[in-house]
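my questions are about this predicted structure, shown below with the sequence.
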Amino acid sequence: MTKPLRKAVVPVAGLGTRFLPATKAMAKEMLPVVDKPLIQYAIEEARAAGIEQFCLVTGRGKTAIVEHFDIAFELEATLRERGKPEALALLEAIQVEPGSMVTVRQQVPLGLGHAIWCARVFVGDDPFAILLPDDLILSDTPCLTQLADAYRETGGNVVAVTEVPHEHTNRYGILSIGRDDGRLVEVTGLVEKPEPDVAPSNLSIIGRYVLMPEVIGHLARMERGAGGEVQLTDAMAKLIGTQPFHGLRYEGRRFDCGGKVGFLEAQIAFALKRPDLADAVRSFLQNYK
């Protein structure tokens, strides 16, 4: 019987050096797209997929992320006194259930795989999702909801995948594939950042995963991969053949908000989806043709 998917790990320990000086004193996950920080988009997406428990893998200087989801007594009292129910409702919608969000500290930057291993006690024996806040996805059905549906369908590991230019395979985790029905792809192998001349395909993993807890045991070996880091891709590869493993061609458009261009493009795309902003944004964009 397939266990319900109720847990999510969200790595937020990165330094955000590509956004300096903005991220000197502010976590990059708190950078806003329109009027919500990246981390809030990730948590909202997880909630929509039925996630009830969250583990933030943090680093130094990341306390504002946790505070964002806490109750702000003074601010809420001021909004009540000033008769601002709409603003108050926005704050109340952010809050998570007491005890549903925990943090663990990744003291040293040893890679994504190491960050996920840091959440091992939280994961326990349960399937879990991973959301990388830098990957922001605009879609009618939230991306993690699509993955959760695929997990219930296949009963195993599922990663969100997209096609990338073949010459860029050395930037991503790349799939070797078997059966392919156009939506779900059987994963027969995984390679982290292969050079284009040896890449098995141009299907790349993006920052959404549903994984079985056995991946933690492989991460615990602390084997170093590409860049001398503990790579999640390498640990996932060891699950292939022992558990179902699929890639999902998700519906939606991904924005790489870990870089300036993707972040700026996301601002425009998400603003254009807002009924209260779309007309004004289209109007001012006419000035930049």
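Received the coordinates, thanks.

backbone dihedrals for the nearest residue to Ala278 once chain neighbours are set aside, please?
Distances taken as C-beta to C-beta, 6 or more residues apart in numbering place Leu272 nearest to Ala278, at 5.1 Å, with adjacent residues excluded. From N, CA and C alone the C-beta is placed, and that goes for glycine too. The phi and psi torsions at Leu272 (degrees, to the nearest 10) take the values phi -70, psi -20.

pLDDT on stretch 231-250, on average?
What stretch 231-250 shows for mean pLDDT is 92.

quick one on the thing from earlier: the residue nearest to Ala278 against Asp279, yeah?
No - if you go by C-beta atoms under 8 Å, Leu272 and Asp279 don't touch, sitting 9.6 Å apart.

endpoints of stretch 156-167, how far apart?
One end of stretch 156-167 sits 30 Å from the other (C-alpha to C-alpha, to the nearest Å).

show me which residues of that stretch are buried.
Neighbour-count burial for stretch 156-167, counted by 16 or more other C-beta atoms under 10 Å, picks out Gly156, Asn157, Val158, Val159, Ala160, Val161, Thr162, Val164.

quick check: closest non-adjacent residue to Leu56.
Thr103 (4.7 Å).

neighbours of that neighbour, just the number please.
Thr103 has 17 neighbouring residues, counting by other C-beta atoms under 10 Å.

more neighbours, Leu272 and Asp279?
Leu272 (15 against 10).

residues contacting the more buried one?
Ala278, Val281, Arg282 (C-beta atoms under 8 Å, 6 or more residues apart in numbering).

and the host helix or strand of Ala160, what does it pack against?
Here Ala160 sits within strand 157-163, counting by DSSP states H and E. Applying 3 or more C-beta pairs under 8 Å, 6 or more residues apart in numbering; DSSP states H and E, one finds that strand 157-163 makes contact with helix 143-154, strand 184-192, strand 203-211, strand 245-249.

dig out what Val210 forms beta bridges with.
According to DSSP bridges, the partner residues bridging Val210 are Ala129, Val158.

can you map out the helices along the stretch 1-150 of the chain?
For the stretch 1-150 of the chain, helices defined by DSSP state H, counting those that start in this stretch occupy the ranges 38-48, 63-68, 73-81, 85-94, 112-117, 120-123, 143-154.

buried stuff in stretch 39-53?
Ile39, Gln40, Tyr41, Ala42, Ile43, Glu45, Ala46, Arg47, Ala49, Ile51, Gln53.

which residues does it contact?
Stretch 39-53 is contacted from outside by 4-8, 10, 12, 27, 29-30, 33, 54, 65, 68-69, 94, 96-97, 100-102, 122, 129, 131-133, 136-137, 142-145, 147-148, using C-beta under 8 Å, 6+ apart.

so how far is stretch 183-200 from its chain's centroid?
From the chain centre to the centre of stretch 183-200 is a distance of 20 Å (C-alpha atoms, centre = their mean, to the nearest Å).

got the end-to-end distance for that stretch?
Terminal residues of stretch 183-200 are spaced 19 Å apart (C-alpha to C-alpha).

returning to what we had before: need the winner for burial among the helices of the stretch 1-150 of the chain.
helix 112-117 (a mean of 25; mean count of other C-beta atoms under 10 Å).

Ala148 against Lys3, yeah?
No - contact criterion C-beta under 8 Å: Ala148 and Lys3 do not qualify, at 12.0 Å.

farthest-separated two in the buried residues of stretch 39-53?
Using C-beta to C-beta, the pair of these lying farthest apart is Tyr41 and Gln53, separated by 18.5 Å.

returning to what we had before: report the inter-axis angle for the strand holding Ala160 versus strand 203-211.
Between the axes of strand 157-163 and strand 203-211, defined by axes from the mean of the first three to the mean of the last three C-alpha atoms, to 10 degrees, the angle is 160 degrees.

give me the contact list for strand 157-163.
The contact list for strand 157-163 (C-beta under 8 Å, 6+ apart) reads 143, 146-147, 150-151, 175, 185, 187, 202-212, 215, 236, 239, 243-250, 254.

flag the shaky bits of this protein, pLDDT-wise.
Applying pLDDT under 70 to the chain flags no residue at all.

how far away is the residue at the greatest distance from the centre of it from Phe284?
Taking C-alpha atoms, centre = their mean, the residue of the chain most remote from its mean C-alpha position is Glu81, at 37.1 Å. Separation of Glu81 from Phe284 (C-beta to C-beta, to the nearest Å): 35 Å.
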